[in-house]
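J.: How does the following fold in three dimensions:
(chains A and B)
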Amino acid sequence: MSGLLLSTALPGCAQRVVEVAVDKPVPVAVPIKATPPAELTRCAERPQGLPEDPALIAQIPTSIRAGIIRMARAFAGNASQLDRLVNWNAPGTCALPK
Amino acid sequence: MKILFTGLWAKLKGELGFLVLLAVAIVGAWLYVQYRQIRADRDWFQHWAEVTCAGAGEGFGPSSAAAQATNGKTVTVDHSRGQLCARRVTDLAGFKSQSDQQTAELLAAAMREQTERQNTDTLAARSAAEAARSAAERMEAADAEAERKNLVDREWFAAVNGVAGLRPAGR
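T.: Just a heads-up that it's a prediction; the model follows:
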């Protein structure tokens, strides 16, 4: 409510003019945002991967290798999706992986 | 022709009093009709004003109320007939236009923001897909090599890190 000043003459004494505040309806328009809790908007965790040491050589069965590759691929997909989702809600929060 | 008019005038001259009375009666009747019409109009307008003001949530008649003046004193303010109602209607019209304007601004901002997000996300999705594709190609080559030698070495581990998007672990 903002005060609009109204000049009005008092009855009986036309010389004196006083100002009286009157109510004026003022619209209030605010955007409503459903912000998810901070816990849900953490960027994807990316731990260190496998060591890349020339000295490390191993024999891994084909099916185990395939499983490791599947998990690695899914990890990258999930992490990238989560980062994009967080950035959608709060732009610029998570750095994009190069 | 002249003789005819002269004769008519001579006859009318005798009835002059009656003629004046007749003219006054005609004017009076006309004024009365006008008065009735104006009065009906006035009643109609008064009724319309009362209904309209009631719709706006304000009385039409004169009123007086105590109010706080800016100098802190309590004064009695007299409002003439229709004054409060006119102010109320003006305020409401202003409220409506301001409300419309603010709503339009909000909607425009929301649409702008949505477009920006969409563009940013499209870029992110594209770079992620490109990175995944090149990592997958490298992985395929490294895995074929491991299959052939029946041994996994540094190249295979690096390819797995690339597919997962992870940094290599230290010792």
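J.: is stretch B:101-120 up against chain A anywhere?
T.: Yes. Contact of stretch B:101-120 with chain A (C-beta under 8 Å from any C-beta of the partner chain) involves B:102, B:103, B:105, B:106, B:109, B:110, B:116, B:117, B:120. Using the backbone N, CA and C atoms, a C-beta is placed for each residue, glycine as well.
J.: Now, of those, which are buried?
T.: residue B:120 (16 or more other C-beta atoms under 10 Å in any protein chain shown).
J.: so which of the residues of stretch B:101-120 next to chain A comes closest to chain A?
T.: residue B:102 (3.7 Å; C-beta to the nearest C-beta).
J.: Without its sequence neighbours, what residue ends up closest to that closest one?
T.: residue A:29 (3.7 Å; C-beta to C-beta, 6 or more residues apart in numbering or on different chains).
J.: same deal with residue B:165?
T.: In space, residue B:165 is closest to residue A:76, 4.2 Å off (C-beta to C-beta, 6+ apart).
J.: helix or strand right after the helix or strand harbouring residue B:43?
T.: Using DSSP states H and E, residue B:43 sits within helix B:16-56. Using DSSP H and E, the helix or strand that follows helix B:16-56 in sequence is strand B:63-68.
J.: buried stuff in that next one?
T.: Neighbour-count burial for strand B:63-68 flags residue B:67 (criterion: 16+ other C-beta under 10 Å).
J.: Show me what the helix or strand where residue B:96 lies is packed up against.
T.: Under the criterion of DSSP H and E, residue B:96 resides in helix B:83-149. Here helix B:83-149 touches helix A:62-89, helix B:16-56, helix B:154-164, going by 3 or more C-beta pairs under 8 Å, 6 or more residues apart in numbering or on different chains; DSSP states H and E.
J.: Pick the most deeply packed of the ones you listed.
T.: helix B:154-164 (a mean of 22; mean count of other C-beta atoms under 10 Å in any protein chain shown).
J.: what sits against the residue in chain B positioned nearest to chain A?
T.: Nearest to chain A in chain B, going by C-beta to the nearest C-beta, is residue B:166, at a distance of 3.1 Å. Applying C-beta atoms under 8 Å, 6 or more residues apart in numbering or on different chains, we find residue B:166 in contact with A:46, A:47, A:48, A:49, A:50, A:72, A:75.
J.: That concludes my questions; thank you for your assistance.
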